[in-house]
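>>> Just need the structure, nothing else, for what follows:
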Amino acid sequence: MSEIKGKKEMDPAQMIAPVFGIAAAAAITFYAVSFMEMSEKSFENLGDKDLDQVKLRSSQSAREKRRGKDTVKQQSKD
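Just a heads-up that it's a prediction; the model follows:
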């Protein structure tokens, strides 16, 4: 009678679930930390650029097109 009452051996199937849970938690943590580091680096790179030098081009040609369309509409109404 070397077996103690109440002590049961775990099946390998019962051991797999906790191992997969731990592995899944580790993978999620790894990807979350990696994503945070990548986003921090991208914001740092964004701050390094001289944003003052970037200028938007005037869209005067679009305004001229709009004026032309408006004049055509007014001429057709008259």
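>>> show me where the protein has helices.
12-48, 60-77 (DSSP state H).
>>> looking at the ones you listed, which one has the lowest mean pLDDT?
Among the helices of the chain, helix 60-77 has the lowest mean pLDDT, at a mean of 82.
>>> What helices and strands are in contact with that one?
Packing contacts for helix 60-77, counted by 3 or more Cβ pairs under 8 Å, 6 or more residues apart in numbering; DSSP states H and E, involve no helix or strand. Every C-beta, even on glycine, is put in place using the N, C-alpha and C of the backbone.
>>> Please save the CA atoms from it in PDB.
Extracted in PDB, the C-alpha atoms of helix 60-77 (Å, rounded to 0.1, in the frame of the first residue of the first chain):
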ATOM      1  CA  GLN A  60      -5.800  78.000 -56.000                       C
ATOM      2  CA  SER A  61      -6.300  75.900 -59.200                       C
ATOM      3  CA  ALA A  62      -9.200  74.100 -57.400                       C
ATOM      4  CA  ARG A  63     -10.700  77.400 -56.400                       C
ATOM      5  CA  GLU A  64     -10.400  78.600 -60.000                       C
ATOM      6  CA  LYS A  65     -12.200  75.500 -61.200                       C
ATOM      7  CA  ARG A  66     -15.000  76.100 -58.600                       C
ATOM      8  CA  ARG A  67     -15.400  79.700 -59.700                       C
ATOM      9  CA  GLY A  68     -15.600  78.500 -63.300                       C
ATOM     10  CA  LYS A  69     -18.300  76.000 -62.500                       C
ATOM     11  CA  ASP A  70     -20.200  78.700 -60.600                       C
ATOM     12  CA  THR A  71     -20.100  81.100 -63.500                       C
ATOM     13  CA  VAL A  72     -21.300  78.400 -65.900                       C
ATOM     14  CA  LYS A  73     -24.200  77.600 -63.600                       C
ATOM     15  CA  GLN A  74     -25.100  81.300 -63.300                       C
ATOM     16  CA  GLN A  75     -24.900  81.800 -67.000                       C
ATOM     17  CA  SER A  76     -27.200  78.800 -67.600                       C
ATOM     18  CA  LYS A  77     -29.700  80.300 -65.100                       C
END
